[in-house]
Each structure stands twice: as C-alpha cells, then as structure tokens.
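Trainee: Have a look; sequence and predicted model below, questions after that.
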Amino acid sequence: TTFLLFFQSLRRLRPEPEGPAGASPRHVIADMYAASVSGLPRLSALRSGARRLATGHGELDVAQTQTAAPGKYRTMEDLPGPSLATTAYWLFAKGYAEKTHVLQMEHKKIYGPMWRSKFGSFNVVNVASAELISKVIRQEGQYPLRTDLPHWKEYLDLRGRAYGIHVSTGAEWYRLRSALNPKMLKLKEVSAYAPVIHQVVGDLLQRLEVLRLRSKDRTTVSNLTELFYRFGFEGISTILFETRLGCLQEEIPKDTLRFIAATNDMLSLSNSVLFFPQWTRGILPFWKDFVKAWDDLYDVAETLINKKMEEIDSKLSRGKQVEGMYLTYLLSSGKLTKEEIYISITELLLGGVDTTSNTLSWTLYHLAQDMDVQEQLHNEVTSVCPGQQLPNIEDLKRMPYMKAIIKEILRLYPVVPGNGRLVTEKEVILDNYWFPEKTQFHLCHFAASHDESEFPDAERFIPERWLRGTPTQSQHHPYSSIPFGVGVRACVGKRVAELEMYFLLSRLVQRYKVKPGEAMTTIEPKTRTLLIPGNPINLKFIPRV
Ligand code: HEM
C-alpha cells in the first residue's frame, strides 16, 4: 500500500488524455475521509469539475491556478509547502506512510498552520489549527463535498444504480441527506433503538465471556478490535435492516460472512481499482473483484430490504399499523426511491462499523492502563445503575464522566484524522489568503486536537478536561476537537455511534475490571486512512464479583 501511494501520485503527473469539453481531470490528495471508504491509506484520486487549460507550459487546472484574487489578498502560490518529491521523501524514506497523522504535526511545525502540498499541477491546502478549520467550515456553503469517488460512480453507472450521498453532489446530495437525517440525528428519535442496541451489547458480553474463559489464563481476550468490529457490524445492521445477522454467534451464518467479506473486499479493492489504468482491467483481477464485491453487497442488502418491504406491505394490506426502526421509516416516508434506499442503507453500514469499533478499542486500551479513571467510571456507572441494571437514555445523562472519556479518546484518536473539503459554490478567504472555488482543503483534525495551546499536556489521556468545573477543564476552541465533523456534511451516525459506545462501555465496566494483557506494550496508532491501533490490543477481563 505504501508503494501504491507513491506510484499513484506519480501516475497523476502524467498528462491525461483530453476528454470531451468539461471532462474532469484526476487529482491526488492525501489522507482524507472520502478515502476512508476505501479502508486503506492512499493519495486518493479525485475528479474535480475544473476544466483543463492547455498552455505553452503544459496543462493547467483553471480552478486551481486562477489567481484573480482581489488585490489585497495572497494566493495559493504564496503558501509554503512540500513538493511531491518532498512528500514522497517524508512518506517513504522517513517512514510516515502509515503515520500521516504525525506528518500533519511535523509539517505544521515546519510550515505553520496552513501550507500547500503539491501533487503535480494539483494543490491541496492543508489547514491545521482550530481557527482555520472553523473558517473553512463556516464558508463551506450549502452543498460541501469531501472529494468524489469516481470508482463508486463507475460501478453504479455500470449497473444502472442510483447514487447515494457519497456520489451525488449539490442539491441532489442535500435531498438524500435530508431524507436520512431524521431518525438518525435526533437523540429523541435515536432512543427508539436503545432496546436493540442493548440486545446486541448483551450478545457482545456473552461472546466476550466465552472468549475469555477459552483463553489459557481464562481472563485474556485477544485482538479486541476484531471483536468490536463484529459488534459494530451487528449493531448498525440491526438498526438499518431491522434484523439480526448473527455476527456475534460462534458460527456466523453463511450470508452474513458473505456480507462482511463483500464489505471488506469492496473497501480494500478501492485502491487498486483507482491505481491501475482502465486498460489493465482485462488482465488484472481488481476491477472484476471490485464489481463482484459491490454485487455481493447489493445482493445481501437488497434481499434484506425486500424482505422487510414485503412484511410492511403485508401488514398494511391487513390494515395493521406499521412499526419499526430505520428501514421502516425510510420505506414508509416516501422520500427515497427503492434504489436510493438500497445504496443509502449500504453507505450507512459502511460508515458505521470501523469507526465505533476502533474508538471502543482505544477506550478499553486506555482504561486498562489507568485504573484511577476506570474506578471513577465504575463508580459513576454503578451509582446510577447499581449491579447490572441496564442503563437507559435518562441514566446516560447522569454519566458525564463516561462521556468525557469518549470525548478524550476521540480527541487523542480521531478516527478520521484528516478530512477533505471542496467548497463548490464560492471562493474561500482564510486570513489574508484567497482561494478559488473548488480548492481542495485538507482539514488536519489530528494536528488540531493534539495542539498544546488548545489542550495542555496534549498527549496525555485526561478525561477531566471535558468536565465542567474541574481545575483541569479545558478552555479550547470549539473546533479543536470535532471528531464527527461539524455542519451540514457532518457524520450522520453520531447519535447512534454514541449510544452504542455508551451502552457497551457502561455494561462492560459493571461486570469487569480491565487490565493490560501479558506482554502488552505501548500501542501506537497508525493511519489506514482511519486511525487504527498499530498492533492487536489484548486485555484481561476480571469479573468484578
Ligand atoms: C465513533 C464513531 C464515528 C465517528 C468518529 C465518525 C466520524 C465521521 C466523520 C468525521 C465524518 C465526515 C464528516 C464531514 O465530512 O464533516 C463522517 C461521515 C459519515 N458518517 Fe460517521 N462517524 C462515526 C460513526 C458513524 C456511524 C455509526 C454511522 C452510521 C450510522 C456513520 C455514517 C456516516 C456517513 C454515512 C457519513 C457521510 C455523511 C455525508 O457525507 O453526508 N458514522 N463520520
């Protein structure tokens, strides 16, 4: 993958054949959330709506090189920053390919909080302070884009499928997003999912107990992220498809295994598909496998959705009231076509698995190392919900320390360490700089949330920073740690993710003391587009009774 990153960027330097008028060039960008749907670190290929202009000095990208800034402003050309060769040196010679989150901080030290990364004729503007990030987001307009996903679009076109929120743009994206937001973003609406989340948490706890007792010392659970991945998959599927898939069973059902494999394959093949030119598709397996993975994904998702639809129709035809969760809402709201529902549910699933599972892994990793924090959390949870009483939404309101722990974990390990923004509607002004519309911004969330001036002792895990009225309460900029993003394009699954994490964490600490596994050393994060643990996390779970 490391080499892929490099070669892909070199490939971008070759002029592309001129397409029909308005054909979009491919571009490169590092470490952005849109790339996260590929599941791998990469300099992702972009297509922008910008037109190319052939000049005596080679092709220039009109939108990216236009310098018609009002006189008093400086332009992209005036920004400091590394060339492609320098970036390649950092990534490969200095070994930052899997530590692009740290690279954000290194570059910030050298160039200041705003710098330009050059990839041939394509520029990315990196912003790495809370203030600058807030300024970009405040100017993002009605229809902000992260980047686009040409390979997803190509698949959907190939099969004549509808676009979802990742591929559609402008007013069309907004229409889809507006249909998805209710029942996902409001705490009151999301509370309806509490009973099924509790069921899934119950299954996770049972599975954990089995694994623990099966281990040599009858306490250690190895590779927690894998277990939490299964939890994430089951949790979000239960809400989206309103059915249990059996991810936490000893024997995972065949169709569920196919679903999981298709999800992983589609994401991991994304890179190869983007990297190799179209003419290789007859020779190399990537595109064929990518299409097969999408087909499998659709096949399972469609079957599950159609089954639900039949149930609803049958109930309605018998004059019965229809009650359900997210899928029922989408099917009965009439806001989306059936095809749009297939893709939207699939996209929500893709967004909702790795994100929660990685955050949970980091949380337990830190709790295991910090017994004081763990005991304080245990005291809080058991004072609100004694014994093994199930917490409800009201109970969660009385668990500020648990929320502070998750906030602190997401500050230290923002799952999306760098996000992208393409402001499509207008130019952007940042301090005394002017950027034309369609400039690609890279929001360096990791650098902002590790900024010592915002969070003193930034590398330390101090949940108390997030508690009002404590001496350590942090006085940070509101955009210094925004792990779910902010604004119209922010994470649609935030509420569900929080509920899953709070329920799991509270019930886990009711039952177990968590300690580091034998020989467990410090675990550093690595960037696989998402920020993930660099090594397996193995912990001991010691029953509390
Ligand atoms: C700890 C958990 C999670 C974190 C930290 C997280 C973070 C993010 C971030 C940073 C973005 C980009 C926001 C932006 O561009 O401004 C995003 C987008 C998104 N997330 Fe999440 N997420 C989490 C869980 C979930 C879950 C559980 C779901 C599914 C229900 C989900 C579905 C999505 C979708 C569909 C988008 C794209 C929204 C759009 O483009 O309009 N995420 N998430």
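Mentor: Here it is on my side, so go on.

Trainee: Checking the closest residue to the ligand within the stretch 101-250 of the chain next. Helix, strand or coil?
Mentor: Across the stretch 101-250 of the chain, the shortest distance to the ligand (Cβ to the nearest ligand atom) belongs to residue 165, at 4.5 Å. C-beta: built from backbone N, CA, C; applies to glycine. Counting by DSSP: H, G, I helix; E, B strand; the rest coil, the backbone at residue 165 sits in coil.

Trainee: Burial check on the residue lying closest to it once chain neighbours are set aside, number of neighbours?
Mentor: Leaving aside its chain neighbours, residue 165 sits nearest to residue 176 (5.1 Å; criterion: Cβ to Cβ, 6 or more residues apart in numbering). Applying other Cβ atoms under 10 Å, we find 23 residues neighbouring residue 176.

Trainee: Pull up the residues of the stretch 401-545 of the chain that are close to the ligand.
Mentor: 410, 415-416, 419, 483-485, 489-493, 496-497 (Cβ under 6 Å from any ligand atom).

Trainee: show me where the stretch 101-250 of the chain has strands.
Mentor: Per DSSP state E, counting those that start in this stretch, the stretch 101-250 of the chain carries strands over the ranges 114-119, 122-127, 220-221.

Trainee: Would you mind giving me the confidence score for the residue nearest to the spatial centre of the chain?
Mentor: Geometric centre of the chain, nearest residue: residue 416, 5.1 Å, by Cα atoms, centre = their mean. With respect to pLDDT, residue 416 scores 94.

Trainee: can you count the residues close to the residue of the stretch 101-250 of the chain closest to the ligand?
Mentor: Residue 165 has 22 neighbouring residues, counting by other Cβ under 10 Å.

Trainee: tell me the contacts of it?
Mentor: Going by Cβ atoms under 8 Å, 6 or more residues apart in numbering, residue 165 touches 173, 176, 177, 180, 344, 347, 492.

Trainee: Which ChimeraX command selects the buried ones in those residues?
Mentor: In ChimeraX, this line selects whichever of the contacts of residue 165 come out buried by 16 or more other Cβ atoms under 10 Å:
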select :173,176,177,180,344,347,492
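
Trainee: Columns pLDDT on top of the contacts of residue 165, output as CSV?
Mentor: Formatted as CSV, the contacts of residue 165 follow (pLDDT from 0 to 100):
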residue, pLDDT
173, 96
176, 97
177, 97
180, 96
344, 96
347, 95
492, 96
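
Trainee: Switch the contacts of residue 165 over to TSV; also include distance to residue 216.
Mentor: As requested, the contacts of residue 165 are exported to TSV (distance: Cβ to Cβ, whole Å):
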residue	distance to residue 216
173	51
176	50
177	49
180	46
344	45
347	41
492	42
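
Trainee: Which pLDDT does the model give residue 34?
Mentor: pLDDT, read off for residue 34, is 36.

Trainee: Wait, a strand at residue 262?
Mentor: No: counting by three-state DSSP, residue 262 is not found in a strand; it is helix.

Trainee: I'd like the distance from it to residue 233, if you could.
Mentor: 12 Å (Cβ to Cβ, to the nearest Å).

Trainee: Give me the more crowded residue out of those two.
Mentor: residue 233 (25 against 21).

Trainee: Isn't that one up against residue 247?
Mentor: Yes: Residue 233 is within contact range of residue 247, at 4.8 Å (criterion: Cβ atoms under 8 Å).

Trainee: Which neighbours do the two have in common?
Mentor: Common neighbours of residue 233 and residue 247 (Cβ under 8 Å, 6+ apart) are residue 260.

Trainee: Is it correct that residue 528 is in contact with residue 98?
Mentor: Yes: here residue 528 reaches residue 98: they are 7.2 Å apart, a contact under Cβ under 8 Å.

Trainee: can you pull the pLDDT of the residue nearest to residue 344 when sequence neighbours are not counted?
Mentor: Nearest residue to residue 344, sequence neighbours excluded (Cβ to Cβ, 6+ apart): residue 164, at 5.1 Å. Predicted confidence (pLDDT) at residue 164: the value is 96.

Trainee: can you tell me how far residue 164 sits from residue 340?
Mentor: Distance, residue 164 to residue 340, by Cβ to Cβ: 7 Å.

Trainee: Looking at the two, which has the bigger crowd around it?
Mentor: Set residue 164 next to residue 340 and count neighbours by other Cβ under 10 Å: residue 164 wins out with 25 against 21.

Trainee: Give me the phi and psi for that one.
Mentor: Backbone torsions for residue 164, taken as degrees, to the nearest 10, come to phi -110, psi -160.

Trainee: Let me see the contact set for it.
Mentor: 176, 340, 343, 344, 346, 347.

Trainee: Also residue 176?
Mentor: With Cβ under 8 Å, 6+ apart, residue 176 has these contacts: 164, 165, 168, 336, 340, 344.

Trainee: what does this protein put close to the ligand?
Mentor: 33, 146, 165, 177, 236, 347-348, 351-352, 355-356, 359, 410, 415-416, 419, 483-485, 489-493, 496-497.

Trainee: from those residues, which ones fall inside strands?
Mentor: residue 419 (DSSP state E).

Trainee: Show me which of the residues of the chain next to the ligand are buried.
Mentor: Counted by 16+ other Cβ under 10 Å, the residues of the chain next to the ligand give 33, 146, 165, 177, 236, 347-348, 351-352, 355-356, 359, 410, 415-416, 419, 483-485, 489, 491-493, 496-497 as buried.

Trainee: In helices, which of those fall?
Mentor: Residues of these located in helices (DSSP state H): 33, 177, 236, 347, 348, 351, 355, 356, 359, 410, 496, 497.

Trainee: Please verify my assumption that the last one contacts residue 491.
Mentor: Yes: taking Cβ under 8 Å as the contact criterion, residue 497 and residue 491 are neighbours in contact, 7.5 Å apart.

Trainee: Which neighbours do the two have in common?
Mentor: In contact with both residue 497 and residue 491: residue 484, using Cβ under 8 Å, 6+ apart.

Trainee: Next, the distance between the ends of stretch 142-159.
Mentor: 30 Å (Cα to Cα, to the nearest Å).

Trainee: tell me which residues in it are buried?
Mentor: 143-156.

Trainee: swap in stretch 246-254?
Mentor: Buried residues in stretch 246-254 (16+ other Cβ under 10 Å): 246, 247, 248, 252.

Trainee: Same check on stretch 513-529?
Mentor: Buried residues in stretch 513-529 (16+ other Cβ under 10 Å): 513, 514, 515, 516, 517, 520, 523, 525, 526, 527, 528, 529.

Trainee: Switch these over to CSV; also include distance to residue 69 and pLDDT.
Mentor: Listed next are these as CSV, based on distance: Cβ to Cβ, whole Å; pLDDT from 0 to 100:
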residue, distance to residue 69, pLDDT
513, 60, 98
514, 55, 98
515, 58, 97
516, 54, 96
517, 56, 94
520, 53, 82
523, 46, 95
525, 38, 96
526, 39, 94
527, 33, 89
528, 37, 81
529, 33, 75
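
Trainee: From those residues, which land in strands?
Mentor: 513, 514, 515, 516, 525, 526, 527, 528.

Trainee: Farthest pair within those?
Mentor: 513 and 527 (31.8 Å; Cβ to Cβ).

Trainee: quick one: contacts for residue 511?
Mentor: Neighbouring residues of residue 511 by Cβ under 8 Å, 6+ apart: 205, 388, 543, 544.

Trainee: need the helices for the stretch 201-350 of the chain, in chain order.
Mentor: Secondary structure of the stretch 201-350 of the chain by DSSP state H, counting those that start in this stretch: the helices cover 224-241, 254-275, 286-317, 326-333, 338-351.

Trainee: which regions of the stretch 201-350 of the chain sit below the pLDDT cut-off?
Mentor: Within the stretch 201-350 of the chain, no stretch has pLDDT under 70.
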